[in-house]
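Engineer: for reference, the sequence and a predicted model appear below.
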Amino acid sequence: MLFGRTNVNKFLVEEQRRNPALAGDFSMLVSDIVRSCKTIAQSVSRGALAGVLGDAGSDNVQGEAQKKLDVLANDSFLHHCEWGGHLAALASEEMDEILPIPATHPRGAYLLVFDPLDGSSNIDVNLSVGSIFSILRCRGDIKNPTEADFLQPGTQQVAAGYAIYGPATMLVLSVGNGVHGFTLDREIGEFLLTHPDLKVAPATREFAINTSNERFWEPPVRRYVDECLAGKTGERGKDFNMRWIASMVAEVHRILMRGGVFMYPRDTKDPSKPGRLRLLYEANPMAMIIEQAGGRASTGRQDILQLQPESLHQRVPVILGSREEVERLVRYHSDYDRGEDKPFTSPLFGTRSLFSNDS
Ligand SMILES: O=P(O)(O)OC[C@H]1O[C@](O)(COP(=O)(O)O)[C@@H](O)[C@@H]1O
Ligand SMILES: [Mg+2]
Ligand SMILES: [Mg+2]
């Protein structure tokens, strides 16, 4: 594997030898995405100096208040990718509908779907945020792309990745041949390959979940977390640590670096939503990254990458990370669905589960 002074372009040239379909438009599209992420990294790093913190004063299609950086990051993706001539259409968390490339622009055969800024609640407190992207092939008419063209299972992704704007800015990319991490060298303005062939440790003692939602969880998730909390004295016979950054990019990155399991599971907080995270531009690209690194990604009941999307902003439950832990969670879901799960108490509150039959 290449290392040292390998930038993203050189890396892609190597990948094209393996898979000629990645030549031409594809690698130029990735270069456009890289440019978008570098621009966003620059704004994030200047923070208050660039006047980019705080609310934009608008809501996105999902009724969420947009931050200035959500809008700016979205504009950066549009600016760098819309004119490249490699796309038939784009779609984003921050745009209600897909954006077909206008007839006045050059067009190509790919679709780009992205979360321009993930972990928005962390922007104003100077913690890690990121951008997530997924590249699909447009199977319909590239002159007249529709939302239906984007509704492809995650297995069809040609590439997926994210940029993390942390203490160092990194780009993590999979083109279907493992997962590779590049660190932005600000002196030369390039992402250099620093973390080739990332692998998710199969076992872990670390979990990440927003425990303020505990009362809304389903029993299998409560069972799993209760067992982690019981530590050495419980079923698992080992102590666990917990992390929650509230930025999926940062959680996934930590899991790639040292293992762990991340959960934003189905809950009853808002029964109209089957999950918090969005399938096309959060769950699918991150599932591809995690699975390409040897981990697993599931809703608890189905592999995320196998889901047939139904709409652009569809939400799904997400459980991903170290293989052994995700498999355990999948087993707990199936035990529960077959009526075979065990009753349990919650160490968090010392009470029996909301979902149990006890009064
Ligand atoms: O506010 P909570 O419940 O901690 O949710 C945090 C989750 O929401 C997200 O921030 C959603 O993404 P956006 O910031 O792109 O809307 C995830 O990154 C993160 O895992
Ligand atoms: Mg997000
Ligand atoms: Mg976002």
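Structural biologist: Right, received. Where do you want to start? Numbering: from 1, shown residues only. Ligands and ions are numbered 1, 2, ... in the order given.
Engineer: counting contacts, what elements does the strand or helix carrying residue 331 pack onto?
Structural biologist: With secondary structure defined by DSSP states H and E, residue 331 is part of helix 323-337. Counting contacts by 3 or more C-beta pairs under 8 Å, 6 or more residues apart in numbering; DSSP states H and E, helix 323-337 is packed against helix 219-230, strand 261-264, strand 296-298, strand 318-321. C-beta coordinates here come from the backbone N, C-alpha and C atoms, glycine included.
Engineer: what strands flank the second one, and is each parallel or antiparallel?
Structural biologist: If I follow you right, that is strand 261-264. According to DSSP bridges, the neighbouring strands of strand 261-264, each with its direction, are strand 206-208 (parallel), strand 318-321 (antiparallel).
Engineer: just the residues contacting the longest one, thanks.
Structural biologist: Translated: strand 318-321. Here strand 318-321 makes contact (C-beta atoms under 8 Å, 6 or more residues apart in numbering) with 200, 204, 248, 252, 255, 259-265, 275-277, 282-283, 286-287, 290, 295-300, 304, 326, 329-330.
Engineer: can you rerun that using 6 Å?
Structural biologist: 255, 260-264, 277, 283, 290, 295, 297-298, 300, 326, 329 (C-beta atoms under 6 Å, 6 or more residues apart in numbering).
Engineer: so which of those residues are also by ligand 1?
Structural biologist: residue 264 (C-beta under 6 Å from any ligand atom).
Engineer: which of the contacts of strand 318-321 lies closest to residue 159?
Structural biologist: Of all these, the one with the least separation from residue 159 (C-beta to C-beta) is residue 290, at 14.6 Å.
Engineer: can you tell me the element the closest one falls in?
Structural biologist: Using DSSP H and E, residue 290 sits within helix 284-292.
Engineer: how far does that helix sit from its chain's centre?
Structural biologist: Shown here is helix 284-292, whose average C-alpha point lies 8 Å from the average C-alpha point of the whole chain (C-alpha atoms, centre = their mean, to the nearest Å).
Engineer: next, see if that helix gets close to ligand 3.
Structural biologist: No: for helix 284-292, no contact with ligand 3 is found by C-beta under 5 Å from the ion; the gap never falls below 12.5 Å.
Engineer: could you list every helix and strand in contact with that helix?
Structural biologist: Other elements packing on helix 284-292 under the criterion 3 or more C-beta pairs under 6 Å, 6 or more residues apart in numbering; DSSP states H and E are strand 129-137, strand 159-165, strand 169-174, strand 296-298.
Engineer: which one of these lies nearest to residue 235?
Structural biologist: Of all the helices and strands packed on helix 284-292, strand 296-298 sits nearest to residue 235, with 20.6 Å by C-beta to C-beta.
Engineer: direction included, what does the helix or strand following that closest one pair against?
Structural biologist: If you walk from strand 296-298 toward the C-terminus, the next helix or strand you reach (DSSP H and E) is strand 315-316. Taking DSSP bridges as the criterion, strand 315-316 pairs within the sheet with strand 277-278 (antiparallel).
Engineer: which residues are in contact with the strand it pairs with?
Structural biologist: Judged by C-beta under 6 Å, 6+ apart, the contacts made with strand 277-278 from elsewhere in the structure are 264, 283, 313, 315, 318.
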